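Novice: here you go, sequence then predicted model.
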Amino acid sequence: MYALALETTDPMGSVALFRDSQCLSWRWLPGDRRSAQTLAPAIRELLRDCHVRPQEIGLVGVSVGPGSFTGIRIGLVTAKTFAYAVGADIIGIDTLEAVAAGVLPDVPRVAVLADAQRGDIVGKLFERQEGGIRLAAETSRPQKPLEWLSTLPASNDLVVAGPGALRFKELLTSQGYRLAADERCRPRALELGRLAWTYYVRGRRDDLWKLMPRYFRPSYADEKTTAASGDAFEAPW
């Protein structure tokens with residue numbers, strides 16, 4: 001079975017095509033234009049280059065966040081539309097888990113940071129275990145990177161990764177934290193597709209109509225609207 005993976009939560013989006021668990025091809029989206037303008041052409045080129053028809057895709061994996069508000073929406077809409085059109089199953093993958101999957105084969109523990117803007121991060125802690133990765137600490141609230149990292153158990157084998165690690169690279173290295181290689185700090189469709197396939201063979205199927213994005217805070221526009229109305233807003237983390 002063929003599977004398509006879409007990652008658009010990061011400014012450097014990517015797409016990948018799999019046959020079962022084997023990646024046939026993957027590529028970054030062009031970085032000089034918005035992903036809305038590049039995602040559909042990239043999918044067409046990927047399928048064409050691998051001689052796969054859209055109707056042959058049986059699974060679509062997509063990043064659901066946290067990450068760019070616009071990027072998450074573009075990826076989800078595209079993934080849902082494609083899956084509906086060809087009758088494929090769909091599985092949403094946590095962006096931070098996708099990053100962890102690209103780091104954990106080499107290290108026992110990884111703290112993955114998303115850039116929550118305004119000098120904040122949200123983070124999750126993952127550990128390597130037999131047969132995959134395990135979530136060891138749930139998503140933090142938006143806070144300063146050192147504030148959250150200081151709450152984790154002290155360990156010499158901890159590696160820090162994710163877009164937030166790139167954002168605060170100088171600060172983290174100055175405090176003695178060990179960072180993953182830059183290319184492993186970004187979510188990639190390569191790892192996302194492997195995770196989607198793993199969940200698929202375990203029997204997971206997400207509801208096309210109920211699959212929703214995961215944001216670390218409301219958008220700036222939503223916050224302004226809420227403040228103007230005087231309504232309380234319950235943050236979604």
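Specialist: Alright, I've got the coordinates.
Novice: in a helix, residue 5, correct?
Specialist: No: counting by DSSP: H, G, I helix; E, B strand; the rest coil, residue 5 is located in no helix; its state is strand.
Novice: my guess is it contacts residue 13. True?
Specialist: No: in this structure residue 5 lies outside contact range of residue 13 using CB atoms under 8 Å: 11.0 Å. (C-beta placed from N, C-alpha, C; glycine too.)
Novice: need the overlap of contacts for the two.
Specialist: Residues touching both residue 5 and residue 13 (CB atoms under 8 Å, 6 or more residues apart in numbering): residue 189.
Novice: residue contacts, the residue nearest the centre of the chain?
Specialist: In the chain, the centroid-proximal residue (CA atoms, centre = their mean) is residue 95; its distance is 1.9 Å. Contacts for residue 95 (CB under 8 Å, 6+ apart) come out as 7, 9-10, 63-67, 114, 187, 214.
Novice: tell me how far it lies from residue 64.
Specialist: Using CB to CB, to the nearest Å, we find residue 95 at a distance of 7 Å from residue 64.
Novice: what's the answer for residue 74, then?
Specialist: 12 Å.
Novice: need the contact partners of the longest helix anywhere in the chain.
Specialist: Looking across the chain with DSSP state H, the single longest helix is helix 69-86. Surrounding helix 69-86, the residues in contact under the criterion CB under 8 Å, 6+ apart are 4, 6-11, 13, 34-36, 39-40, 43, 54-55, 57, 60-66, 88-90, 92, 208, 211-215, 219.
Novice: buried subset of these?
Specialist: Listed as buried from the contacts of helix 69-86 are 4, 6-10, 13, 35, 39, 43, 57, 60-66, 88-90, 92, 211, 213-215; burial here means 16 or more other CB atoms under 10 Å.
Novice: mind saving the C-alpha coords of the helix or strand where residue 99 lies as CSV?
Specialist: Taking DSSP states H and E as the definition, one finds residue 99 inside helix 95-103. Provided in CSV are the C-alpha atoms of helix 95-103 (Å, rounded to 0.1, in the frame of the first residue of the first chain):
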residue,chain,number,x,y,z
THR,A,95,4.8,17.5,15.3
LEU,A,96,7.0,17.1,18.3
GLU,A,97,6.7,13.3,18.2
ALA,A,98,7.8,13.5,14.5
VAL,A,99,10.9,15.4,15.6
ALA,A,100,11.6,13.0,18.4
ALA,A,101,11.3,10.0,16.0
GLY,A,102,14.2,11.5,14.0
VAL,A,103,16.5,11.8,17.0
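Novice: in the protein, which spans are strands?
Specialist: Along the chain, the segments classed as strands by DSSP state E run 2-7, 14-19, 22-28, 57-63, 89-93, 109-117, 120-129, 132-137, 158-161.
Novice: got a markdown table for these, with distance to residue 147 and mean pLDDT too?
Specialist: A markdown table is the format used below for the strands of the chain (distance: least, CB to CB, whole Å; pLDDT from 0 to 100):
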| stretch | distance to residue 147 | mean pLDDT |
| --- | --- | --- |
| strand 2-7 | 28 | 98 |
| strand 14-19 | 31 | 97 |
| strand 22-28 | 32 | 97 |
| strand 57-63 | 26 | 98 |
| strand 89-93 | 27 | 98 |
| strand 109-117 | 12 | 94 |
| strand 120-129 | 9 | 92 |
| strand 132-137 | 14 | 85 |
| strand 158-161 | 14 | 96 |
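Novice: fine by me, thanks again.
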